[in-house]
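[1] dropping a prediction and its sequence here:
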Amino acid sequence: MEPPVGREQAPARTIRSVIDLHAHVLPGVDDGPASLAESLEILRDAAADGITRIAATPHVRDDYPTAPETMERLVAELGAAAREAGIALDVLPGGEFDLEFLTHLDDETLRRFGLGGNPALLLLEFPYHGWPLQLRDAVFGLGLRGFSLVLAHPERNAEVQAAPERLLPGRRGARRLEDEDPEPKSDHDAL
C-alpha cells in the first residue's frame with residue numbers, strides 16, 4: 001500500500017531494549033525465588049522473552065523489611081551470576097514499597113531503592129483492599145521531597161476497578177515524568 005500523497009512512509013521501528021520495571025528476582029529476600037538457581041531461571045526466561053534490563057524490586061514493608069544494603073548486595077551478586085551464566089540481561093536496583101512503610105524512611109534510604117537506579121523514582125505497591133486514605137498526603141509529601149511514584153498493581157484493588165478515574169487527578173502529582181506544565185501545580189487535593 002502506498003503512503004498518502006505528500007507523505008513519506010515512516011521507517012519500521014525495531015525494539016532494541018525491553019525493560020521490566022517490577023520483578024521479584026532477588027533470591028531469599030521476599031516472596032520471590034528462594035535460591036540463586038531459581039533467580040537465574042527467571043532471568044533466563046526474561047531474556048528469552050526479549051527483556052534486556054530488569055529492575056529487582058523486593059518488597060519493602062513490615063513483613064519483608066528489606067534493607068537497602070541487602071538489595072544492593074543481591075543485585076550485584078545476581079548481576080554477576082547472570083553474566084557468568086551467559087544471560088544477556090542487566091539487573092537494576094529498586095524496591096516495592098508499602099505506603100505506610102515508605103513514609104517512615106529517610107530520603108537517602110528511599111534514593112537507594114530508586115526504581116531502575118533512578119533515585120527520584122519510587123515504586124509503590126497499591127493496597128489490595130480499600131482506598132488508602134493517606135495516599136494524597138503521601139504523594140504530596142514525597143513530591144515536596146523530590147520523589148515521583150509509579151503505582152504497582154492498582155488493578156488488583158476493587159476500589160480502583162470500580163472507579164479507575166480516581167487515580168487520574170493525581171497523575172501529575174504522582175509522576176512528574178512528562179512535565180506537562182512548565183509551572184508545577186499542587187495536586188494535594190486531587191487524590
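    That came through, no problem.
[2] give me the neighbour count for D45.
    Burial of D45, expressed as a neighbour count using other Cβ atoms under 10 Å, amounts to 11. Every C-beta, even on glycine, is put in place using the N, C-alpha and C of the backbone.
[3] which secondary structure element contains it?
    Element membership for D45, per DSSP states H and E: helix 36-48.
[4] so what does the helix or strand just after that helix touch, helix or strand wise?
    Read in the C-terminal direction, the helix or strand following helix 36-48 is strand 51-56, with elements assigned using DSSP H and E. In this structure, strand 51-56 packs against strand 18-23, helix 68-84, strand 90-92, with contacts taken as 3 or more Cβ pairs under 8 Å, 6 or more residues apart in numbering; DSSP states H and E.
[5] let me have those in a markdown table, adding mean pLDDT, mean neighbour count and distance to L110 as columns.
    Supplementary listing: the helices and strands packed on strand 51-56 in a markdown table, determined by pLDDT from 0 to 100; neighbours: other Cβ atoms under 10 Å; distance: least, Cβ to Cβ, whole Å:
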| stretch | mean pLDDT | mean neighbour count | distance to L110 |
| --- | --- | --- | --- |
| strand 18-23 | 93 | 16 | 17 |
| helix 68-84 | 98 | 16 | 9 |
| strand 90-92 | 98 | 22 | 16 |
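[6] turn these into JSON lines, columns for distance to L135.
    Written out in JSON lines, the entries for those read as follows (distance: least, Cβ to Cβ, whole Å):
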{"stretch": "strand 18-23", "distance to L135": "19"}
{"stretch": "helix 68-84", "distance to L135": "24"}
{"stretch": "strand 90-92", "distance to L135": "26"}
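[7] A47: which of these is closest?
    helix 68-84 (8.4 Å; Cβ to Cβ).
[8] that closest one to helix 36-48, inter-axis angle?
    Compare the direction of helix 68-84 with that of helix 36-48 by axes from the mean of the first three to the mean of the last three Cα atoms, to 10 degrees and you get 60 degrees.
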